[in-house]
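Chemist: Predicted model and sequence follow; I will ask about them next.
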Amino acid sequence: MRQNETETRSSRKRRLVAALIGAALVSGVAYGTTNWIVGITGGSNGEAHSGSVSNISITAVASPAAGNLLYPGGSGDVVVSISNPNPFPVTITAVQLPSNATYATGYTTSGLTTTQTGCLAATPSGVTWSYATGSSGSSHTLTASLTVAASGQSDNPLAVTLTNDASMATSSPAACESTYFSMPSLTGVTASAGGTATTSPATDSWTS
């Protein structure tokens, strides 16, 4: 009987995590395509103008794989889809996280349409980004850079699993059991134009 009770308590600790990261802004990047206006008379100089990098979009995967599940005091995977509207590849090297007091909101299904009562950001849920600090805007370098392919229509997203990059506090309420989480929005990313596209699906993380 004690063994069954222990197994039940253990199973109740398991939390399922799905990711939704709000739109993440590309930090100021002075790279891009080059448009040339070339003089045609003798001795004229060529003139070039650098393009700019438009914001990329990082969103939830509608039906993420289970991966590593969250539990109180542990960490779990976050699954995202990254779209690049630019007509050239964009390479992401780091992310900027919100504060460690900015919590995820829980949802009943992976569609993230109905919130989980008693497991909201304001509850708080106790679910945050791993290695987030007390102040917003802290930068964390990816284990390996991610290059998102060029796609003017944003129709070629890169699917990425961020390993163990969500954390759950030991104080997380019981209502957060078997819950999908909408992760707090990143405050930005560090990126540059160019590079060879990363193959989807990809795995990455940050460790500090």
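Modeler: On my side now, so go ahead.

Chemist: From now on I want contacts and neighbour counts done on CA atoms only, so please keep to that.
Modeler: Noted.

Chemist: surely Asn84 meets Leu146?
Modeler: No - Asn84 is not in contact with Leu146 according to Cα atoms under 8 Å; the separation is 11.6 Å.

Chemist: Please say which of these two ends up with more neighbours.
Modeler: Regarding Asn84 and Leu146, a neighbour count based on other Cα atoms under 10 Å identifies Asn84 as having more, with 27 against 24.

Chemist: how close does that one sit to Ser205?
Modeler: Asn84 is 20 Å from Ser205, where distance means Cα to Cα, to the nearest Å.

Chemist: show me where this structure has helices.
Modeler: If DSSP state H is used as the criterion, the helices of the chain fall at 2-12.

Chemist: any low-confidence regions in it?
Modeler: Applying pLDDT under 70 to the chain picks out residues 1-54, 62-66, 136, 152-154.

Chemist: Strands along that one, start to end?
Modeler: With strands called from DSSP state E, the chain shows them at 34-38, 46-50, 57-60, 75-83, 90-97, 105-107, 127-129, 138-148, 158-168, 180-182, 188-193, 202-204.

Chemist: Identify whichever of those lies nearest to Gly118.
Modeler: Distances from Gly118 to each of those were compared using Cα to Cα; the shortest belongs to strand 105-107, at 8.5 Å.

Chemist: Packing partners of that closest one?
Modeler: For strand 105-107, the helices and strands in contact under the criterion 3 or more Cα pairs under 8 Å, 6 or more residues apart in numbering; DSSP states H and E are strand 180-182.
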